[in-house]
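Asker: Output the structure for:
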Amino acid sequence: MTAATPYGVRALPELYKEWAATGMVANIGTRIVELDAGKLVLEGNMTAEAHGFPTSRGPIVHGGAIATLADECLASVAFTVADEGETTVTADLKVDFLRPAKPGRLLARGAVRHRTRRLAFCEATVEQDGGEVVAEARAVIAYVKA
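Answerer: Below is the predicted model of the structure:
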């Protein structure tokens, strides 16, 4: 990455290294798969024990875990276009669950649709490993002083 690479793109990998040890990032096992200004793919590893909900057809991933992965992706993709000294917080989040997700690898693909001085309008999909979309999400992300 060069000096022309946006601050958020340069900073995010180091932040994920810190976050990987505790909190929600550690709980979901999130890691960055692809990263660019305004685009991001995150991987989450959902287990039946930590994120599952029992059903007669076997365990499915709890909607809260899917929403957390989507929210993490949306706030992080907004961060890819943040300026130094800014961080991101979710101001509004909408998640549509399309079908149950099975425990295992899930991918969240996020994009910034539009950024103003204080807000980013972002969208994401959450996919089962293999490409089947299990949820779609949209968020308004606010930029605040770090």
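
Asker: Do a quick rundown of the strands in this protein.
Answerer: If DSSP state E is used as the criterion, the strands of the chain fall at 31-36, 39-46, 52-53, 60-61, 86-97, 104-115, 119-128, 133-145.

Asker: Tabulate the ones you listed (a markdown table), appending distance to residue 24 and mean pLDDT.
Answerer: Any C-beta I mention is one placed from the backbone N, CA and C, and that applies to glycine too. What follows is the strands of the chain, written out as a markdown table (distance: least, Cβ to Cβ, whole Å; pLDDT from 0 to 100):
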| stretch | distance to residue 24 | mean pLDDT |
| --- | --- | --- |
| strand 31-36 | 13 | 98 |
| strand 39-46 | 10 | 97 |
| strand 52-53 | 17 | 93 |
| strand 60-61 | 14 | 98 |
| strand 86-97 | 12 | 98 |
| strand 104-115 | 13 | 98 |
| strand 119-128 | 15 | 98 |
| strand 133-145 | 15 | 98 |
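
Asker: Determine which stretch of these is the most buried.
Answerer: strand 60-61 (a mean of 23; mean count of other Cβ atoms under 10 Å).

Asker: And the contacts of it?
Answerer: Contacts to strand 60-61, defined as Cβ atoms under 8 Å, 6 or more residues apart in numbering, come from residues 46, 51-53, 100-103, 106, 134.

Asker: Where is the longest helix in this structure?
Answerer: helix 63-79 (DSSP state H).

Asker: Could you list the buried residues of it?
Answerer: Across helix 63-79, burial judged by 16 or more other Cβ atoms under 10 Å covers 65-79.

Asker: repeat for stretch 18-27
Answerer: Buried residues in stretch 18-27 (16+ other Cβ under 10 Å): residue 25.
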